[in-house]
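> okay, sequence plus prediction incoming.
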Amino acid sequence: MSTSSSAGPLPSSRPLKSSRIHVQPGPLIGGILAVISVIFAFFLWRYLNAWQAKAVMRQQYLANELRAIEKQREALLQVQQQMRGTGASMGEVESDTAAQSSTTTDSAGGIDRTPREQDLERQNELLRQRIRHLEEQQSSDWAWGRSDLPPPGYSEAPI
């Protein structure tokens, strides 16, 4: 008895020519590099924008601080001018008349100054020092966003 098999053709060990897929590596690698480049450019753009925003915020903060201190200094100078202009009438404004009656001689010009005037001059000098310090900080790496380490002696909540 002969048995005939109707299962169909036997599978061949070689694949058919039509089932082969030929991929050229050049365009594939180029496409992958393009996608990677776009992703890199996006993250670089985000980093630079964050750096710029940080710098703008810090510069604005320092400028506001500087303006506030300059206003304090102007007010202090106005008080000093009023004290010089009114002389004895300033005693009516201040509560401590005993402190006003004692005067000292300025080493530079022999000008009599009350302890209040001396205190105002000390405050004025401290404000001038603070202004110089803030002006120096405006050009620091921290203020321009290039570093997150604040300048020495700087005390401000992190931005």
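Arrived safely.
> this protein: helices as residue ranges?
Here the chain has its helices, by DSSP state H, at 25-86, 97-101, 115-137.
> let me know which of those helices is tucked in deepest.
Ranked by mean neighbour count, these are led by helix 115-137 with a mean of 15 (mean count of other Cβ atoms under 10 Å). C-beta here means a position set from N, CA and C on the backbone, and glycine is covered the same way.
> residue contacts, Pro25?
For Pro25, no contacting residues are found, by Cβ atoms under 8 Å, 6 or more residues apart in numbering.
> where in this protein is pLDDT low?
In the predicted model of the chain, residues 1-23, 87-112, 153-159 satisfy pLDDT under 70.
> how about a cut-off of 90?
Scanning the chain with the threshold set as pLDDT under 90 gives 1-32, 42-59, 61-62, 65, 75-121, 124, 130-159.
> so Leu62 touches Trp144, yeah?
No - under the criterion of Cβ atoms under 8 Å, Leu62 makes no contact with Trp144, lying 10.6 Å away.
> before we move on, back to that, will you turn the helices of the chain into JSON lines that also has distance to Pro150?
Below are these laid out as JSON lines (distance: least, Cβ to Cβ, whole Å):
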{"stretch": "helix 25-86", "distance to Pro150": "9"}
{"stretch": "helix 97-101", "distance to Pro150": "39"}
{"stretch": "helix 115-137", "distance to Pro150": "8"}
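> these: which one's closest to Pro152?
Nearest of these to Pro152, taken as Cβ to Cβ: helix 115-137 at 9.8 Å.
> for the closest one, packing partners?
Judged by 3 or more Cβ pairs under 8 Å, 6 or more residues apart in numbering; DSSP states H and E, helix 115-137 is in contact with helix 25-86, helix 97-101.
> can I get those helices in TSV including distance to Arg116?
Shown next, in TSV, are the helices and strands packed on helix 115-137 (distance: least, Cβ to Cβ, whole Å):
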stretch	distance to Arg116
helix 25-86	7
helix 97-101	7
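> looking at those helices, which is nearest to Asn124?
Closest to Asn124 of these, according to Cβ to Cβ: helix 25-86, at 5.4 Å.
> so which of the helices and strands packed on helix 115-137 gets nearest Gln123?
Comparison of the helices and strands packed on helix 115-137 against Gln123 by Cβ to Cβ identifies helix 25-86 as nearest, at 5.8 Å.
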